[in-house]
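Asks: model the structure of this input:
(2 chains)
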Amino acid sequence: MRKKILAIAATLLAGWATQALAKEPIKVGALLAVSGPASFLGAPEARTLEMMVADLNAKGGIDGHPVTMIIKDTGASPEKAISFAKQLIEEDKVLAIIGPSTSGETMAIKNLAEEAKTILLSCAAAEVIVNPVAKWVFKTPQKDSYAVVKIFQQMKKMGISKIGVLSSNTGFGKAGKEQIEKLAPEHGIQIAVNEVYDKAATDLTAEVTKVKAANVQAIVNWSIEPAQSIVIKNVRQLGLQFPIFQSHGFGNIQYVKAAGAAAEGVIFPAGRLLIADSLPASHPQKALLVAYAKEYAAKFKEDASTFGGHAYDALIILEAAVKKAGTDKEKVRTAIENIKGLPGTGGIFSFSATDHNGLDLDSFAMITVKDGRFVPLDR
Amino acid sequence: MLGELLLQYLVAGLTYGTIYAVVGMGFNIIYNATGIINFAQGEFVMLGGMTAVSLHQVLPLPLAILGAVAVTMAIGALIEMAFIRWLAAPSVLRMIIITIGVSIVVREAALLVWGQQVRALPYFTGNEVTSISMGGARVSPQVLWAVGTTALMVALVTAFFRWASWGRQMRACASNRVAASLCGLPTRNLVTLAFVLSAGMGALAGCVVSPITYTQYGIGTGLAIKGFTVAILGGLGNSLASVAAGLVFGILESFSVSVLPTAYKDVVTIAVLLAILFVRPSGLFGAREASRP
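Replies: Model (predicted):
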C-alpha cells in the first residue's frame, strides 16, 4: 500500500515538474478547407501543419513554448470560416490564425481579424488580401500578378502575341482573369477569346473549339479544379499543337497524372518546391524544400504540393517572429513585418509595413512537364 | 472551316448529352416503378467510376468494370431494401427526402473511403491525346465508347421492358401498382429490381465517361441535377424520351457556347427548359397523364 502511494506521489511530482519546465503553450488556429471543393488545397495544408507541429513539439516547441494547433475544416465555405474565426478568436484566444485556404474565405474574415487584432496568415493567392495592406493580415502564396507577368515574359520569348484565355468561375479564376486583362496591353498581348466556365465542368470541348476558331498562338487556363486537366486533354484531342499555359494552381502532380500524355509540355509558373531536386545545391531554398518534400512524401504517401507549402511558410514565419518577440500579439505582428530574407517553400520572404506578402517576381520559376514529371523550363 | 467547327460543336454536345441521357434514363426507370425521383441517381454514377478505378488496380479493365457494375447494383438493392421497402404507404415527398438523405450518406462515405482525390480509368482505346478525324471534326475514341455503350444500354433496356417477362411485370407495376399486386406480381421485388437496374446503368455510364470527365466523391449532385432536368424535359415516365432530351440538351449547351460567353450556357439551357414546360407541361415527349401525380 505504501509503495502504491509513493508511486502515485512520484508520478504526480514528475508531472508537476515537467509542467513547470515547459512554458505556457502557444495556441494557433487554422482555418483550412480540408473537405469540399478546395480540399486539394486544405488537405495538404492540414497534413503539413500536423506534421510540423509534431516535429516542433518533439524538439521542445518554440523557445520552450509547446504549440497547440487547432485546425477547423471550413469546407471552403466563407460562412463557416467566419463562425470558426470568431470561435478561435473569442473562445480559444489564439495568437494567430493560419489560413483560410481560399481567397473568398480570407476576404470574408479579413475585417474580423483586423478588429480583433489577431494575426492572420492567409494561404490564399488573391492580391486583394494584402493590397491594400491590412495591419494584421499577411499571406504566404505568391501574388497572381507575378504569375501573369511571368507567363507574359515567357510568351514574349516564344514570340506569342495572340492568346485565348479560359478561367473558372471561382475567386481564384476571377482574380487571375482580371490580372490577365489588366496586364495584357502593356506586354503587347492580344486576348482573342476570353471564356469563363463552371468550376464543376466535366468537358470543355465546346470552349476549346471556340479558341480554335479564333486562330490563337497559345492558350492560358486559370483554375484550381480538375477542369485544368480536362482543358489540356480537350486541346490536344482537337489536334491543336500550340503551347498551353496554366496558372500556379497547376502545381499538384495529381493534375499531371489526370491529364496523362496531354500534360506533356504544359508551361506554368510555380514555387520551386516542385523542382526541388533540380535546384543547384547553393540555392537558399534547396535544403528546406528537399527536406519538406521528403518528409511529407514519406509520412503521407503522396507528393508534396505547393499548397501544403503555403501552410509550411505560414508556420515558419510565425515561428521566426515568436522566437524574436515572445508571445505578445502586437510584438509578434511587428516582428513579422521585420522579417528579412527568410527562405520558405514559396520563395525568400522579406516583409515590410507596406508589403505583407514578402515575395518578389523571382519567387516564381517557370516549370514544364516532361515524361510525367515537373522540370524547370529551359527556353 | 465553318462546317468543321459546327461539326465539332455537335460532337461536343453529343458527349455532354450522352452523360445526361443515361442519368435521365436512370431517373425514369425508378420513377416508373415507384413514382419517386431518386436523387441518389448521380451517386450511382460516382460509385461505378470510383469502384472501377479501385478494382482496376488488381483486375484487368473489363473485369474491373463488370465488378464495379455488380457492386453498385448490390448497393442499389441494399438502399432500396434498407430505406424504401419497409415503408407501408409512403408519401412521394417522404421518399424524395429519403433519397436525398441517402445521396448525402453515400457521398460522405465515398469521401471517407476514397478521399478527395480526382480519379479516372485509363482510356479504353489510345490515350489522352488520341483522336479520330471525322469529317474534319476530331473525336476522342472514348467519346465513341461512351456513345456506343449508351446506345447499347438504351437498346437493351428497351428490349427488356418490351419482351422480357420481368420487364413486362415492371411495366405492369408502373401502370397500376395495386392491380399488379392483385394479379400476384411481386411488386416489392420489382421495385428492388428497378433500383438494381438503374444503379447498374449509372455505374456502367460512370465507368465509360470517367476517362473523359474524371470522377470524384462529389460529382453525383451535379449529374443528378442535369439528369433530372433532362428527365423533366423529355417527360417523366418515358425512358427513351429522356435519352432524346439529353442529347438535345447537350447539343444546345454546346452551341450556346459557340455564340454566347460560356457563363450563359446554363442560362440558355434552363431558359429553353422553362419555355418548353410552359408550352408542354408534360415535357417534350411526355404523355399527358405523366404530368399528373
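
Asks: what segments of chain B are helices?
Replies: B:2-34, B:41-55, B:61-79, B:92-114, B:141-163, B:165-175, B:177-182, B:187-213, B:219-234, B:239-259, B:265-279 (DSSP state H).

Asks: count the neighbours of the residue lying closest to residue A:134 once chain neighbours are set aside for me.
Replies: Spatial nearest neighbour of residue A:134, excluding adjacent residues (C-beta to C-beta, 6 or more residues apart in numbering or on different chains): residue A:114 at 5.2 Å. C-beta here means a position set from N, CA and C on the backbone, and glycine is covered the same way. Number of residues near residue A:114 (other C-beta atoms under 10 Å in any protein chain shown) recorded here: 14.

Asks: contacts only, for residue 95.
Replies: Assuming you mean chain A. A:26-28, A:118-119, A:318, A:322, A:327, A:329, A:332 (C-beta atoms under 8 Å, 6 or more residues apart in numbering or on different chains).

Asks: meant chain B, my bad for not saying
Replies: By C-beta under 8 Å, 6+ apart, the contact list for residue B:95 reads B:34, B:36, B:84, B:87.

Asks: gap between the residue nearest to residue A:134 and residue A:99?
Replies: Between residue A:114 and residue A:99 the computed distance is 16 Å (C-beta to C-beta, to the nearest Å).

Asks: from what I see, residue A:226 and residue A:255 are in contact.
Replies: Yes - counting by C-beta atoms under 8 Å, residue A:255 is a contact partner of residue A:226 at 7.4 Å.

Asks: and residue A:239, helix, strand or coil?
Replies: Taken by DSSP: H, G, I helix; E, B strand; the rest coil, the conformation at residue A:239 corresponds to coil.

Asks: okay, it: pLDDT?
Replies: On pLDDT, residue A:239 comes in at 88.

Asks: ditto for residue B:198
Replies: Note on residue B:198: pLDDT of 92.

Asks: give the contact list for it.
Replies: B:25-27, B:29-30, B:38, B:41, B:44, B:76.

Asks: list the buried residues in stretch B:164-174.
Replies: B:167, B:169-170, B:172-174 (16 or more other C-beta atoms under 10 Å in any protein chain shown).

Asks: hmm, who's touching it?
Replies: By C-beta under 8 Å, 6+ apart, the list of residues contacting stretch B:164-174 reads B:32-33, B:159-162, B:179-181, B:183, B:185-187, B:190-191, B:193-194, B:237.

Asks: ok now it, how far from the chain's centre?
Replies: Distance of stretch B:164-174 from the chain centroid (C-alpha atoms, centre = their mean, to the nearest Å) equals 20 Å.

Asks: now stretch B:73-82
Replies: 17 Å.

Asks: can I get it as PDB, trimmed to CA atoms?
Replies: Output in PDB follows, covering the C-alpha atoms of stretch B:73-82 (Å, rounded to 0.1, in the frame of the first residue of the first chain):
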ATOM      1  CA  MET B  73     -26.100  -2.900 -58.300                       C
ATOM      2  CA  ALA B  74     -25.800  -4.600 -54.900                       C
ATOM      3  CA  ILE B  75     -25.600  -1.200 -53.300                       C
ATOM      4  CA  GLY B  76     -28.700  -0.100 -55.200                       C
ATOM      5  CA  ALA B  77     -30.600  -3.200 -54.000                       C
ATOM      6  CA  LEU B  78     -29.300  -2.500 -50.400                       C
ATOM      7  CA  ILE B  79     -30.500   1.100 -50.500                       C
ATOM      8  CA  GLU B  80     -34.000   0.000 -51.600                       C
ATOM      9  CA  MET B  81     -34.200  -2.800 -49.100                       C
ATOM     10  CA  ALA B  82     -33.000  -0.700 -46.200                       C
END
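
Asks: which residues touch it?
Replies: By C-beta under 8 Å, 6+ apart, stretch B:73-82 touches B:40, B:44, B:47, B:102, B:106, B:191-192, B:194-196, B:198-200, B:203.

Asks: before we move on, back to that, just the buried residues out of the contacts of residue B:198, in PyMOL syntax.
Replies: The following PyMOL line selects those of these that are buried, judged by 16+ other C-beta under 10 Å:
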select buried, chain B and resi 25+26+27+29+30+38+41+44+76
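
Asks: show me which of the buried residues of stretch B:164-174 has the smallest pLDDT value.
Replies: Within the buried residues of stretch B:164-174, pLDDT is lowest for residue B:174, at 79.

Asks: what about it, distance to residue B:236?
Replies: Taking C-beta to C-beta, one finds residue B:174 at 12 Å from residue B:236.

Asks: ok, then the element right after the worst-scoring helix or strand of chain A on mean pLDDT?
Replies: Using mean pLDDT, DSSP states H and E, the weakest-scoring helix or strand in chain A turns out to be helix A:2-21, at a mean of 55. Note on helix A:2-21: by DSSP states H and E, the next helix or strand toward the C-terminus is strand A:26-32.

Asks: so in that sheet, which strands flank that next one, and in what orientation?
Replies: Partners of strand A:26-32 in the sheet, by DSSP bridges, are strand A:67-73 (parallel), strand A:96-98 (parallel).

Asks: for the helix or strand following the shortest one, packing partners?
Replies: What it means is strand A:96-98. The helix or strand immediately downstream of strand A:96-98 is helix A:103-116, counting by DSSP H and E. Here helix A:103-116 touches helix A:78-90, strand A:119-122, strand A:137-139, helix A:171-183, going by 3 or more C-beta pairs under 8 Å, 6 or more residues apart in numbering or on different chains; DSSP states H and E.

Asks: can you check the pLDDT for the residue in the stretch 1-150 of chain A positioned nearest to chain B?
Replies: At 3.7 Å from chain B, residue A:39 is the closest residue in the stretch 1-150 of chain A, using C-beta to the nearest C-beta. The model reports residue A:39 with a pLDDT of 82.

Asks: so which bits of stretch A:212-227 are buried?
Replies: A:212-213, A:216-227.

Asks: equivalent analysis for stretch B:124-141, please.
Replies: B:124, B:127-131, B:137-141.

Asks: between the contacts of residue B:95, which sits nearest chain A?
Replies: Of those, the one sitting nearest to chain A (C-beta to the nearest C-beta) turns out to be residue B:36, at 25.5 Å.
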